[in-house]
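> output the structure for:
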Amino acid sequence: MKIGNDLKSRDVDKKKSNTPARKAAGDSLFASALSRVRGGADSYVKEIEELKNEIRLAGDKLEQDPTMGNFRKFKELLGRFAKRISAEAYRLEKIGGTLMNPRYFEAIQVIDKEADELYRLIVSEQRNRMAIIEKVIGIKGLVVNLVT
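Next up is the predicted model:
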């Protein structure tokens, strides 16, 4: 049996389409959502870089002039940085928990490994400065205890 090349199905790609041309990719709902997410990711990266630079500057200022104002600024920046990283880099997942046994376990998953590594790097770089802060908090607690 011989199969001929005269099959109409082979001419599918040769036929011209009477359908109108597609809209540009920027007009679709998906493309607008994608661009919005990309813009959010860019602002996240920019915010993290700004916080990182502010932490370094505040840490240097704290080393040179260990005043309560510099201490508060450094502590506030570290807190903002930790909150921002943990909001984007980690996901908390609850496992278990039924009506009969309401106990559940919480598992933390790392979503953004780069942000996690950046957080660990910043914390390790600022460890000496955080030790200074710990000492200041300890001294402040002693002063409060002596006053009361």
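> hmm, Gly96 is touching Glu106, no?
No - counting by Cβ atoms under 8 Å, Gly96 stays clear of Glu106, with 9.6 Å between them. Every C-beta, even on glycine, is put in place using the N, C-alpha and C of the backbone.
> OK, contacts around the residue at minimal distance from the centre of the chain?
Residue closest to the average C-alpha location in the chain (Cα atoms, centre = their mean): Glu88, at 3.0 Å. Listed by Cβ atoms under 8 Å, 6 or more residues apart in numbering, the contact partners of Glu88 are Tyr44, Ile111, Asp112, Ala115.
> again, only this time at 6 Å
Glu88 is in contact with Asp112, counting by Cβ atoms under 6 Å, 6 or more residues apart in numbering.
> tell me what the longest helix anywhere in the chain is packed against?
For the chain, the longest helix by residue count, based on DSSP state H, is helix 29-64. Packed against helix 29-64 by the contact rule (3 or more Cβ pairs under 6 Å, 6 or more residues apart in numbering; DSSP states H and E) you find helix 68-89.
> what's the angle between the helix it packs on and helix 29-64?
150 degrees (axes from the mean of the first three to the mean of the last three Cα atoms, to 10 degrees).
> report the buried residues of helix 68-89.
Applying a neighbour-count criterion of 16 or more other Cβ atoms under 10 Å, one finds Asn70, Phe71, Lys73, Phe74, Lys75, Leu77, Leu78, Phe81, Arg84, Ile85, Glu88, Ala89 buried in helix 68-89.
> show me the contacts for the second one.
Right, Phe71. Val136.
> any idea how far it is from Gly96?
Per Cβ to Cβ, to the nearest Å, Phe71 is found 42 Å from Gly96.
> circling back to that earlier point, now pLDDT and distance to Arg120 too, for the buried residues of helix 68-89, in TSV please.
Below are the buried residues of helix 68-89 laid out as TSV (pLDDT from 0 to 100; distance: Cβ to Cβ, whole Å):
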residue	pLDDT	distance to Arg120
Asn70	84	24
Phe71	81	23
Lys73	88	22
Phe74	84	18
Lys75	83	19
Leu77	88	17
Leu78	83	13
Phe81	85	12
Arg84	85	15
Ile85	81	10
Glu88	78	15
Ala89	78	10
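> no further questions, thank you.
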